[in-house]
Each structure stands twice: as C-alpha cells, then as structure tokens.
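Visitor: fold the following.
(one chain, ligands or ions: 1)
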Amino acid sequence: MLRGKRIVVGVCGGIAAYKAAWVVRELMRRGAEVRVVMTKSAGRFIAPITFTGLTGTPAVVDLWNPSYAGEVHVELGGWADAVLVVPATMNTMGKLASGVTDDALLATVACARGEVVLAPAMHHLMWNRGSTQRAKDALAQDGVTFLGPVDGPLASGESGMGRLMEPEAIVDGLERVLGNGDLSGRSILVTAGPTVEDLDPVRFLGNRSTGKMGFALAERAAARGAEVTLIAGPVALPTPPGVARVDIRSARELHAEVKGRSADVIIMAAAVADYRPKTRADQKIKKSGVRTLELVRNPDILAELGAERQGARPVLVGFALETEKVVEHARGKLTRKGADLIVANHAKDSFGKATNVATLVTAGDDVPLDVMSKPALADRILDRIHALLSGDSR
Ligand code: CTP
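Guide: The predicted structure follows:
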C-alpha cells in the first residue's frame, strides 16, 4: 500500500510513455497522491491532459510557465517521497548523470529530497551503449534505484534488454524502495511449483503444478516489504523482483533447503510428491526391464515443521488441493500437520489457471473467498498471515 505517499512521476519521451498512465493509475489505486512532470518530447507520445485528468493536478511540462508562482521544480522535489521516472530514456539518464537540468523533469529530480527511482526503457542498442551503462553506474552510486529494464519484445520488433518493466511490477518495486509495506522486517520463505522424482536420466514422476500461486505470494510479500526467499521446483516463471530464488528438483532437495533456513513465516505452496521411486537408475530403463515401480515415502515437510516447532514461530501455512470435501480435508491437514493456516481449494478451480477460489482455514474459522486472480488471492492470504504474526487471531 502507498496510502499517504506522495509520488512525482516523471515521464520522458519514448514509446513506452503511454505505459506511464498505467503506472499513475496503479499508484493512485494503492493510495498514493501523484503529480506528473513531463519532458517536452514525452508530450509527443502522450498528451499532458491525460495525466492532468488522471491525477486532477496539471501535469508540469514547461519550467518557464509564468503561471507557476514559485519554483515548481523545488516545490515538487520537496513535496515528493519519491520521484519515479517512467520511462527513463537514454537522453534523460545521460543528462541526470552529468548534472544537466535544462527541463522541468531534470530540475525536479535534482531537487528531490526523497527517493529517486528510474524505470528505463529504450532500444537494446541504446541500453547496452557504454554511455548509458556509465550513466546507470554513476546514478546508482548517487543512490538512485533502478527498476528494470527487462529482456523482452521491443517497439522495434526485436527482442532484447531494454523493455520497460511491467507497470504493476514498477509500483511493487517502488513500494519496496519506500519500505513501508506492512510486512517489512519480516522474513518469509515460500515454496512453489512441483517436485519431480527421477526414475532414470530421462523419465520422472511429477505433477501439473505451474508455480503461479507460490510465485504470486513471493511477489506480493516482497512488494509489501518482506524479505522473501522462494524455493522453486522446475517451472517456467521469472523470479519476482526483490526475491531471492533457489531452484530445486526433488522433494528431498526441497526438504533440505527448507530445513536449512529459518524464517518468521513458511508458506508451503509447493506441490510436493508424497512418494519417490525406491531407486533411480543410472541408465535409461529398457522396456524389457522393470514394469513395476516400487515407491517409498518422501518426508512430509510441513508436518515435520509443525511437529518440531516450539512456540508460535515460524507461522506455518499450507495448501490443500482437493477434489471433494475441500474444507473438511483442509481442516484435517491443519491439525495433522500442525499448521496455522491452510489455503483450501478445489483442483478444478486452481490447476494451471490465472484465478483461484479458496477458503482460508484456521483453528478459529473458515473464510470462503470469491473467485479472484492469484496475485489478489496472495494479498488476502498475506493479510491473514499479517494478522497471525501480530497475534490478532490464530
Ligand atoms: N506437503 C509437504 N510435504 C509433503 C507433502 C505435502 O510439506 N511431502 C505440504 C504441501 O506443500 C501442502 C500441504 O502439505 O502445503 C498439503 O499437501 P497434500 O499433498 O495435499 O497433503 P497430504 O498430507 O499429502 O494429503 P493427501 O492425503 O491429500 O495426499
């Protein structure tokens, strides 16, 4: 949340300028008060009136506009908790790094009393140019934070490093920089994705978990200020910004990683294989060979954590993916595994989908939730975890 935060958004002239409108909306949706300052060339890509309309305050473009009573750049720089430049172009980065202040945006950054955050976007050749990289290093040394760019499709039709970070991720990153998330100072360990149990060098036993829910939890927890470690099975998802990621393959590897760490909260969102093949063949198994698989139990990580825990920490959160009697089975797991919260869901609502329908099961109650996106559900789960951490409910 950014309630009460004052953010100046500085918009530069690049094709990604239109995305600055999304960033402004998202900042406001999270409670920030926003004012916009633009370069002249930004106005060729998106009209100042768009930002005036969104924020309810005239977008500042011209430092010399006689209607500004005082020094608008000093006023804006002093007002803002953060100046967020989005998109930051090569031109503006170069000027900022060398102290040029010949427009309203540059002068405002120069007068910033709070954080300065840059979200660059440009062609990959411009981003990789020595002068841009030198500007980035110099600005970083001066305490400027960079959000992106990321690798991906560019306006030119090519793909490469230079794409603007997604608007929501930029706002998440800004929340982290301002360090005012309700989970700041908390360490959260999240496990995500499937575990994979190898039979031989080419075959394995696995499951259909995509990791989306665990990654959404890691991303939202980091955006809310937590120090997040994400232990992930084999999935095709990018690491969320600000999250430390460790990749694992089997349940035993996951077990070793979890047991080697401590945290205020452990969220077991991984779909852990309950069994593994008794032996793993070094060579590919031939069809003339074994036809029966002998399986042995994997450790139940959540149950172990629950049994070993002394006192109220870490807060333990598990998932129950069921196909019938969803809440009843989830409550059984809550007790059996000694967890504080079980997120119960039906396989048909969850697997591989962007949305989910869940019930939050704790010792005290069951809270059924509506259908919502996985990031939105992640926030509801984290709200509950926040309450558990504060000892409000159990
Ligand atoms: N889990 C775990 N270690 C395992 C299996 C599961 O830590 N070996 C965790 C999962 O990450 C999840 C929760 O336990 O948070 C529930 O997993 P699930 O497989 O549904 O529970 P089981 O006890 O295996 O129950 P079932 O009889 O439904 O298989």
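Visitor: drop to CA atoms for contacts and neighbour counts, all remaining ones
Guide: OK.
Visitor: contact partners of the helix or strand Lys19 falls within?
Guide: Element membership of Lys19, judged by DSSP states H and E, is helix 17-29. Under the contact criterion C-alpha atoms under 8 Å, 6 or more residues apart in numbering, helix 17-29 has outside partners 2, 9, 11, 33-34, 42, 45-46, 50-51, 54-55, 86-87, 167-168, 170-171.
Visitor: same question, stretch 62-73
Guide: 40, 103-105, 107-108, 111.
Visitor: which of the residues you listed tops the neighbour count?
Guide: The most crowded member of the contacts of stretch 62-73, judged by other C-alpha atoms under 10 Å, is Leu105 (31 neighbours).
Visitor: from the contact counts, what lies against the helix or strand encompassing that residue?
Guide: Per DSSP H and E: Leu105 is located in helix 104-110. Identification of packing neighbours for helix 104-110 by 3 or more C-alpha pairs under 8 Å, 6 or more residues apart in numbering; DSSP states H and E yields strand 33-38, helix 72-79, helix 90-97.
Visitor: Throw the contacts of stretch 62-73 into a markdown table and include pLDDT and distance to the ligand, thanks.
Guide: Shown next, in a markdown table, are those (pLDDT from 0 to 100; distance: C-alpha to the nearest ligand atom, whole Å):
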| residue | pLDDT | distance to the ligand |
| --- | --- | --- |
| Lys40 | 96 | 53 |
| Asp103 | 95 | 54 |
| Ala104 | 96 | 52 |
| Leu105 | 97 | 48 |
| Ala107 | 96 | 51 |
| Thr108 | 97 | 48 |
| Cys111 | 96 | 49 |
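Visitor: now for the residues you listed: which two are most distant?
Guide: The span of these, defined through C-alpha to C-alpha, is set by Lys40 and Cys111 at 19.1 Å.
Visitor: how about the helix-or-strand element of the chain with minimal mean pLDDT as CSV, C-alpha atoms only?
Guide: Every helix and strand in the chain was compared by mean pLDDT, DSSP states H and E; the lowest is helix 347-350, with a mean of 86. Taking C-alpha atoms only, helix 347-350 is exported to CSV below (Å, rounded to 0.1, in the frame of the first residue of the first chain):
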residue,chain,number,x,y,z
ALA,A,347,-8.4,-28.8,-8.2
LYS,A,348,-10.9,-27.7,-10.9
ASP,A,349,-10.6,-24.1,-9.7
SER,A,350,-6.9,-23.9,-9.5
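Visitor: against which helices or strands is that helix packed?
Guide: Checked by 3+ C-alpha pairs under 8 Å, 6+ apart, helix 347-350 has strand 355-356 packed alongside it.
Visitor: rerun that using 10 Å as the cut-off
Guide: Here helix 347-350 touches strand 315-322, strand 355-356, going by 3 or more C-alpha pairs under 10 Å, 6 or more residues apart in numbering; DSSP states H and E.
Visitor: circling back to that earlier point, ok and the helix holding Lys19 relative to strand 33-38, angle-wise?
Guide: For helix 17-29 against strand 33-38, the angle by axes from the mean of the first three to the mean of the last three C-alpha atoms, to 10 degrees is 160 degrees.
Visitor: give me the mean pLDDT for helix 17-29.
Guide: The average pLDDT within helix 17-29 is 97.
Visitor: what comes up buried for it?
Guide: 17-28 (16 or more other C-alpha atoms under 10 Å).
Visitor: so what's whichever residue of the stretch 51-200 of the chain sits closest to the ligand bridging to?
Guide: Proximity of the stretch 51-200 of the chain to the ligand (C-alpha to the nearest ligand atom) peaks at Thr191, 7.4 Å away. When assigned by DSSP bridges, Thr191 has beta-bridge partners Ile231, Met268.
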